[in-house]
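Participant: Make a model of this:
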Amino acid sequence: MTLPELLIAMTVLGIIATVLAAAVVVTLRQVDSTEGRVNVARAEQSIGTWLPSDLASTDVGDTTLPAVDLDPAATPCGNCGGIDLSGANALQLAWKTTVAGPPATEVITRVQYQYVQAGGEWQIQRIECEGANPCTKITVLHDLDPPADPATFDPDTDRPVWAMDVAAPTDPAALDLSDNARRIVVTVDGGGGSAERGGGLNTINLTAGGIATSDIAPDEFTVPSFVRARSRCGGPVTLVIDDSGSIGQSNVDNVIRPGAEAFVEAFRGTPTQLQIVKFSSRADAIGPVTTDPTGWHRYADMTDDAQVDALKSSLSILTASGGTNWEEAFFHTFKRSDGTNASTIPNRVVFFTDGIPTRNRTSKQHNWDSSYRNGDAFIHYNDGHYDSSWPLDDGSSFHQESFDRADVILDQHRGTDLIFVGVGSGLTSNRSWIHNPAVYGDRTAPPAAATSKTGSEILAHLLANGPSGEVPAIYDSGAGEYTNPETADFYLQSNFDPTAFAAAMKAAALKDCGGTLTVQTKKTDGSPVADEFVYENVEYRDDTGTVIPSEPRRVTTSPVFRTGTFDFEISAGTPYFSVDVVPQELETLSSYTFVGWSCRAGATAKAVTPIPIDASSWEGFTVDVAANEAVSCVLEVS
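Facilitator: Alright, predicted model coming up:
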């Protein structure tokens with residue numbers, strides 16, 4: 001490219017002082033360009049890959065880290081393992097994650113956006129340091145404007161405001177932490193006149209949790225072209241399915257596969273990327289090959305019906321055979337084939353098994369190649385320590401080393417939300433337990449004294465990273481559903497009951513996505529539209545017709561961000577909310593013709609009531625949203 005790809009400037013727009021006290025305002029502008037919409041899309045994609053999740057993770061009210069650091073000399077680490085830190089910090093964010101114990105430990109993640117000269121150009125680099133893990137670096141933006149005088153530029157004292165200007169909260173202590181929609185304003189200048197599609201100034205609202213839109217004077221900022229209030233629904237999720245021989249093919253066909261299909265359908269139409277990993281003696285990701293050309297990881301876009309259908313169809317491959325290899329299941333979930341961390345780490349893993357681990361990745365009873373049996377994939381794990389004092393893996397009995405190796409992998413990823421589903425009589429028997437985590441790092445550590453644990457206790461120990469801490473799910477057999485899906489992480493069932501298993505799968509899927517409404521815009525042939533569509537949730541009511549006090553919220557769909565999601569907090573005892581959504585800025589949609597709305601929750605169609613718009617052929621809609629469903633609505637245009 002002959003033009004600079006992107007010039008970043010982060011500024012406060014016309015927002016009143018109370019909002020300034022509670023928002024990080026991020027504005028990015030691209031220099032004049034004839035590339036119009038292409039540049040806007042490129043900038044949105046770059047922003048959307050990193051900045052929203054970093055901002056959403058940051059508790060700007062936490063002054064102890066600090067959560068937002070604008071000191072040019074700030075660094076995300078003491079020693080970043082050879083990463084060049086010679087540039088100036090433009091924005092550093094930090095947040096805390098509590099890892100289950102015992103004892104519980106706190107991990108601090110720091111992410112810095114560094115302005116630095118590299119390879120003859122000025123860049124913005126994103127450097128992430130999570131606890132004691134090695135730091136990572138990626139170049140976010142290239143070809144930025146240099147300092148006015150590069151010779152006198154001092155990265156320790158000079159803030160690169162010409163590249164990135166940040167407005168941080170002026171009074172973090174005054175934040176109302178009960179709010180959940182603090183705005184982050186991002187402006188992308190695609191070049192060209194404002195009347196040109198894809199050109200002009202486009203404003204994108206992202207989220208870092210906390211301020212209501214009523215505090216922003218509507219005449220003081222440009223109506224955004226992309227507004228995304230923070231949604232708890234979305235991101236990468238992995239379902240791990242045990243199809244070992246002990247389950248039996250009848251249970252696979254009549255319980256496991258239908259339950260997994262219900263899990264997939266629950267996410268249909270939501271902004272979720274879903275992967276399924278099946279395992280017995282070894283593991284494989286199933287479903288369509290999408291972002292990973294090797295097929296090692298296979299995340300399906302749940303807003304794409306074709307990918308959803310392909311993922312469901314792939315479940316036909318489930319066959320009851322082989323041993324139970326927990327390590328291999330988690331290895332395939334979190335690692336690449338060479339043992340390095342996967343490029344996509346799931347936000348949540350739902351793990352189903354019917355028993356205890358009998359195999360691991362070093363098992364020699366199978367004709368696996370040496371790289372598959374690589375015992376050196378994990379730092380500080382001494383595979384050679386286990387000797388005759390530890391039981392051998394016979395493929396049917398509980399194998400302690402196999403548990404320990406699975407535990408090593410999960411210990412590296414305790415920041416991921418884990419939900420375990422254990423089913424069957426294989427979890428009721430007592431096993432000889434000689435767990436000693438010291439062996440992970442000390443080759444001389446002896447095995448601990450043997451005790452007895454049931455299979456369910458062993459499964460819960462892996463989940464909670466200790467002998468207690470799991471949150472059991474409570475099942476209402478009369479209603480056929482779980483009553484505490486928001487907090488439960490351990491679903492235990494004594495037998496293979498199709499109704500109970502499907503209920504567990506649905507509850508696990510909807511832990512975050514229940515009570516949400518996702519909007520998409522498509523042409524009549526199913527393809528996405530080329531322009532932005534703005535939607536407003538103007539009002540919602542409970543089942544008695546009582547209006548729930550709220551401020552109007554907006555989301556935007558675009559060629560890059562194809563969905564917008566509204567979240568609703570639906571209390572126990574309220575069957576549903578009736579939600580009104582109306583398209584906005586109709587004057588910009590003259591090249592499109594309204595066709596109609598359709599909504600569904602998973603595979604079930606939802607009734608839609610039209611909302612006429614005065615002096616327009618366009619319509620909004622009303623749909624009921626329950627706490628235990630994720631509703632997806634599509635506006636079809638021609």
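Participant: which residues of the stretch 351-500 of the chain score low on pLDDT?
Facilitator: The model of the stretch 351-500 of the chain has pLDDT under 70 over residues 363-392, 439-447.
Participant: Could you tell me the per-residue confidence at the spatially most central residue of the chain?
Facilitator: Nearest to the mean C-alpha position of the chain, counting by Cα atoms, centre = their mean, stands G235 at 2.8 Å. As predicted, G235 sits at a pLDDT of 89.
Participant: Can you get me the start-to-end distance on stretch 302-318?
Facilitator: End-to-end distance of stretch 302-318 (Cα to Cα, to the nearest Å): 21 Å.
Participant: low-confidence ranges in the chain?
Facilitator: Along the chain, segments meeting pLDDT under 70 span 1-48, 52, 59-63, 79, 99-104, 142-143, 165-230, 363-392, 439-447.
Participant: returning to what we had before: what sits closest to the residue nearest to the centre of the chain if chain neighbours are left out?
Facilitator: Residue nearest to G235 in three dimensions, not counting chain neighbours: N347, with 4.3 Å by Cβ to Cβ, 6 or more residues apart in numbering. Bear in mind the C-beta positions are built from the backbone N, C-alpha and C, glycine included.
Participant: Surely the one you found and D417 touch.
Facilitator: Yes - judged on Cβ atoms under 8 Å, N347 makes contact with D417 at a distance of 6.3 Å.
Participant: higher neighbour count, the two?
Facilitator: N347 (17 against 14; other Cβ atoms under 10 Å).
Participant: Please name the residues that touch the more buried one.
Facilitator: Neighbour list for N347: G235, P236, V237, T416, D417 [criterion: Cβ atoms under 8 Å, 6 or more residues apart in numbering].
Participant: Take these and write them to JSON lines, including secondary structure.
Facilitator: Formatted as JSON lines, the contacts of N347 follow (DSSP: H, G, I helix; E, B strand; the rest coil):
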{"residue": "G235", "secondary structure": "strand"}
{"residue": "P236", "secondary structure": "strand"}
{"residue": "V237", "secondary structure": "strand"}
{"residue": "T416", "secondary structure": "coil"}
{"residue": "D417", "secondary structure": "strand"}
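Participant: Next, the buried residues of the host helix or strand of K511.
Facilitator: If you go by DSSP states H and E, K511 is part of helix 498-513. By 16 or more other Cβ atoms under 10 Å, the buried positions in helix 498-513 come out as 500-513.
Participant: quick one, domains of this protein?
Facilitator: As assigned by automatic domain parsing, the chain contains the domains 17-227, 235-513, 517-637.
Participant: Centre of the chain to the shortest one, how far?
Facilitator: A distance of 22 Å separates the C-alpha centroid of domain 517-637 from that of its chain, computed with Cα atoms, centre = their mean, to the nearest Å.
Participant: Equivalent analysis for the second one, please.
Facilitator: Its chain's C-alpha centre lies 19 Å from the corresponding centre of domain 235-513 when counted by Cα atoms, centre = their mean.
Participant: same thing with stretch 65-80?
Facilitator: Offset of stretch 65-80 from its chain centre (Cα atoms, centre = their mean): 25 Å.
Participant: Please enumerate the strands of the stretch 151-300 of the chain.
Facilitator: Under the criterion DSSP state E, counting those that start in this stretch, the stretch 151-300 of the chain carries strands at the ranges 166-167, 183-189, 201-207, 226-227, 235-242, 272-279, 283-286, 300-301.
Participant: Perfect, I'm done here.
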